[in-house]
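# Kindly return the folded structure for what I paste below:
(2 chains)
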Amino acid sequence: MKEQKALIDVQHLKMYFSIAGKGFGKKSRLTLKAVDDVSFSITKGTTFGLVGESGCGKTTVGRTILKLYEATDGKVIYDGQEITKMPEKEFTPYRRDMQMIFQDPYTSLDPRQTVNEIIGAPLMVQKLVSSTAERDERVRELVAMVGLKDDHINRYPHEFSGGQRQRIGIARALALKPRFIVCDEPISALDVSIQAQVVNILEEFQQEMGLTYLFISHDLSMVRHISHRVGVMYLGHLVEVADVEELFRHKRHPYTQSLMSAAPVADPREATSNKRIILEGDVPSPLNPPSGCPFRTRCRYAKDICSEAMPELTDVGSGHFVACHNML
Amino acid sequence: MRKKINMFPEQPQPPYTMADKDIPAELFELLPEDEKKTDVINRPSISYWKNAWIKIKSDKLAVAGFIFLFIMVLIAIFVPIFSPYTYDGQDYNAIYQTPSMEHLMGTDMFGRDLFVRVAYGARISLTIGIVTALVNMVIGVLYGGISGFFGGKVDMLMMRFVDVFAAVPSLLYIILLMMFLGANLRSILIALCLTYWFSTARQTRGQILSIRNQDFAVAAKVVGESNLRILIRHLIPNSFGPIIVTVMFLIPAAIFDEAFLSFIGIGISVPVASWGTLANDGMATMGAYPHLMIFPALAISLTMFALNFIGDGLRDALDPRLKK
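Numbering: from 1, shown residues only, chains lettered A, B, ... in the order given. As a prediction, the model looks like this:
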């Protein structure tokens, strides 16, 4: 793993939010640990899938990497350069390299702007074009790339379908010719029939331009399809990381096992043979996480040590990392 | 293994072949190239403002309001120019005349033509309404926009400042300012401009707060747009609908406040007349010459109606939740 160059290296990333609790004053404020000590790296030209249930901190990881939140602690290293502490002014040129595709194509496009303005804005802001004529030219190219038509560029977002809007969002992300794109559940708001379209576009561009993706999703089969390496998150922690086939074949963490057992299988014969592991109880509140292992309150194998010490993410061979005391 | 039961024996089983359906190949034809376009949008492109325009055109009351206001503006501009009378021209041979062909609205105690005076009053009232609304919109939108966008401590300080000033009745400020600056059009404008923007600022702040974390604002940040650009290009345009409605309702409020101030005697001073002073003068002789009171009062109330209808129409047209 190490010999390939990492484009994104996330080290011990922590993102805590301070939220208002009961009463007044500083003391009453609560800390929400949305992301707690997460480390992983993404090799150039590959896709890193990040899975986990709602509220586990996947999106926060993506947004913190793009400096949309100021990380509480830890580092994000982009192509050898530490970007976490960089002031916004210095970071602006890096924004050209690091883009994002949003989950909801209905809210991520400004309803008052035409497609031309939406896709052209990054070009104008980053001064990649010098005139509006040049911008229009580039926007036309981009629109064609994502399979939309020339005469679409003077229309408004509400005139498009969900899949078309998502393609506009992709065109906007590609406008700056980025090297790294955070795909924040780019397909979960779309119809199944459109999902394949969008994923195919993403894969195509990865092959053509050598893009690196952080693919955040809770659709396990899609993650399996598109990712090279996958990380599983639970309650702000990364509990297991491995190459995609390794992870799907030899899931080691009990949470990963139950998560994967919940994914529907197309083949009914296989589906009946797969035993679903149903977890007891709810996800603990990130305001008041359990001591030790975050998963211990719902884990079938929990032992005394699980409530005492936080398990470290340890290598179990062939680039497979697991954070669990009862290595399975 | 369970045996497969064919429940529909008469139907062909997969894999299907052409022979099953017995449709000869020549009956099929290739889809012409131009019918393959699935992504074509046939509906003409309608922008937000265009849509609002279409909706407001179908609102009869709002259209009536617009027409009335337009006529009022024409009267305000042209009647004082083309009328044989002036607003302060006195004629002691024709005092307290009732409406006639010579004096459409009659004359007052100095023989001044009331129609010209009402038209002249429209100039003052409409100027006050429109200038106050525009100035307050600019101040309020900028103040509220900055406050809502930056949030946190900035927001806290800016909004408490507004709270403190808004806590004192605005009439008090206006009266104090009028005493200080003297009773004329300029000081009324200054006084109204200084006190009306609180509501616009508060509303803009609320709007901006509610949309500043939406994905399209985040997306603008991701591509490197500056805070100022995000505020001006994305946030303010997207909250402009409700703001323009508030501003629209500021116009009648300002006109009414001026009329009220003039009516209680601290507004525009003689011989210049606004609708408020005219109504005030007319009230003194209401018993004997009611027309001196009725015409200015009609001008005020009809304009109020018109502006409120326009405001209502705009609110319905610009509020996406009321989309039909």
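
# Please enumerate the strands of the stretch 201-328 of chain A.
A:212-216, A:229-234, A:237-243, A:314-315, A:321-322 (DSSP state E, counting those that start in this stretch).

# meant to ask about chain B, not that
Counting by DSSP state E, one finds no strands in chain B.

# Look at the residue positioned nearest the centre of it and report its pLDDT.
Nearest to the geometric centre of chain B sits B:Met248, at 2.6 Å (CA atoms, centre = their mean). For B:Met248, the pLDDT comes out at 84.

# got it, and the one 10 residues further on?
Reported pLDDT at B:Glu258 in the predicted model: 84.

# Count residues in the vicinity of it, would you?
30 (other CB atoms under 10 Å in any protein chain shown). C-beta: built from backbone N, CA, C; applies to glycine.

# Check the spacing between the closest residue to A:Met310 other than its chain neighbours and A:Met15 real quick.
Ranked by CB to CB, 6 or more residues apart in numbering or on different chains and with sequence neighbours excluded, the top spatial neighbour of A:Met310 is A:Gly292, at 5.8 Å. Look at A:Gly292 and A:Met15: by CB to CB, to the nearest Å, they are 21 Å apart.

# Next: B:Leu189.
51 Å.

# Spell out which residues of chain B are next to chain A.
Residues of chain B found near chain A (CB under 8 Å from any CB of the partner chain) are B:37, B:39-41, B:43, B:45-48, B:214-216, B:218-226, B:229, B:233-234, B:237-238.

# Now, of these, which are buried?
Neighbour counting with 16 or more other CB atoms under 10 Å in any protein chain shown marks B:47-48, B:214-216, B:218-225, B:233-234, B:238 as buried within the residues of chain B next to chain A.

# Which residue of A:Gly292 and A:Met15 possesses the greater neighbour count?
Higher neighbour count among A:Gly292 and A:Met15: A:Met15, with 22 against 18, using other CB under 10 Å.

# Which residues are in contact with the closest residue to chain B within the stretch 201-328 of chain A?
Closest to chain B within the stretch 201-328 of chain A is A:Arg269: 11.3 Å, counting by CB to the nearest CB. Listed by CB atoms under 8 Å, 6 or more residues apart in numbering or on different chains, A:Arg269 has no contact partners.

# Check the one 5 residues further on too.
For A:Asn274, the contacting residues are A:Ser261, A:Val265, taking CB under 8 Å, 6+ apart as the criterion.

# B:Ala62 too?
Contacts of B:Ala62 (CB under 8 Å, 6+ apart): B:Ile56, B:Phe309, B:Ile310, B:Asp312, B:Gly313, B:Leu314, B:Ala317.

# Grab the nearest non-local neighbour of it.
Nearest one to B:Ala62, counting by CB to CB, 6+ apart, is B:Gly313 at 2.6 Å.

# can you put the strands of the stretch 201-328 of chain A in CSV and add mean pLDDT?
What follows is the strands of the stretch 201-328 of chain A, written out as CSV (pLDDT from 0 to 100):
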stretch, mean pLDDT
strand A:212-216, 95
strand A:229-234, 93
strand A:237-243, 92
strand A:314-315, 88
strand A:321-322, 92
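
# Now tabulate those in CSV and tack on distance to chain B and mean neighbour count.
Formatted as CSV, the strands of the stretch 201-328 of chain A follow (distance: least, CB to the nearest CB, whole Å; neighbours: other CB atoms under 10 Å in any protein chain shown):
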stretch, distance to chain B, mean neighbour count
strand A:212-216, 13, 26
strand A:229-234, 21, 25
strand A:237-243, 23, 24
strand A:314-315, 34, 11
strand A:321-322, 29, 22
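
# report the longest helix in chain A, please.
helix A:192-209 (DSSP state H).

# Go ahead and name everything in contact with that helix.
In contact with helix A:192-209 (CB under 8 Å, 6+ apart) are residues A:45, A:47, A:145-147, A:161-163, A:166-167, A:170, A:174, A:177, A:183, A:186-187, A:190, A:211, A:213, A:222, A:225-226.

# which residue packs closest to residue 88, ignoring adjacent ones?
Answering for chain A, as no chain was given. A:Lys67 is the one closest to A:Glu88 (CB to CB, 6+ apart), at 7.6 Å.

# that's the wrong chain, I meant chain B
Nearest one to B:Asp88, counting by CB to CB, 6+ apart, is B:Pro271 at 4.1 Å.

# measure that neighbour to chain A for me?
49 Å (CB to the nearest CB, to the nearest Å).

# measure that residue to B:Tyr289 for me?
19 Å.

# who has more neighbours, those two?
B:Tyr289 (19 against 14).

# pLDDT at the closest residue to A:Asp110 other than its chain neighbours, what is it?
Spatial nearest neighbour of A:Asp110, excluding adjacent residues (CB to CB, 6+ apart): B:Phe216 at 4.4 Å. Here, the pLDDT recorded for B:Phe216 equals 92.

# cool, the one 3 residues further on as well?
In this model, B:Ala219 is scored at 92, pLDDT.

# Can you give me every residue that contacts the nearest residue to it once chain neighbours are set aside?
Closest residue in space to B:Ala219, ignoring its immediate chain neighbours: A:Ser108 at 5.3 Å, by CB to CB, 6+ apart. Residues in contact with A:Ser108 (CB under 8 Å, 6+ apart) are A:Phe102, A:Gly169, B:Asp215, B:Phe216, B:Val218, B:Ala219.

# So which of these is the closest to B:Gly282?
Of all the contacts of A:Ser108, B:Gly282 sits closest to B:Phe216, with 54.8 Å by CB to CB.

# Thought A:Arg179 was touching A:Thr212, still the case?
Yes: if you go by CB atoms under 8 Å, A:Thr212 and A:Arg179 touch, sitting 6.2 Å apart.

# Between these two, which contacts overlap?
Contact criterion CB under 8 Å, 6+ apart; residues shared by A:Thr212 and A:Arg179: A:Leu7, A:Lys44.

# just to revisit the earlier point, check the secondary structure at the residue nearest to B:Ala219 for me.
coil (DSSP: H, G, I helix; E, B strand; the rest coil).

# Pop out the phi and psi values for it.
Torsion angles at A:Ser108 (phi, psi; degrees, to the nearest 10) stand at phi -90, psi 0.

# okay, now A:Leu287: neighbour count?
So A:Leu287, with other CB under 10 Å, has 12 neighbours.

# Tell me which residues touch it, please.
A:Leu287 neighbours (CB under 8 Å, 6+ apart): A:Ile19, A:Leu30, A:Thr31, A:Leu32.

# most surrounded residue in the residues you listed?
Busiest of the contacts of A:Leu287 [other CB under 10 Å] is A:Leu32, holding 17 neighbours.

# Three-state assignment for the residue lying closest to it once chain neighbours are set aside, please.
Nearest residue to A:Leu32, sequence neighbours excluded (CB to CB, 6+ apart): A:Phe17, at 4.4 Å. Using three-state DSSP, the three-state assignment for A:Phe17 comes out as strand.
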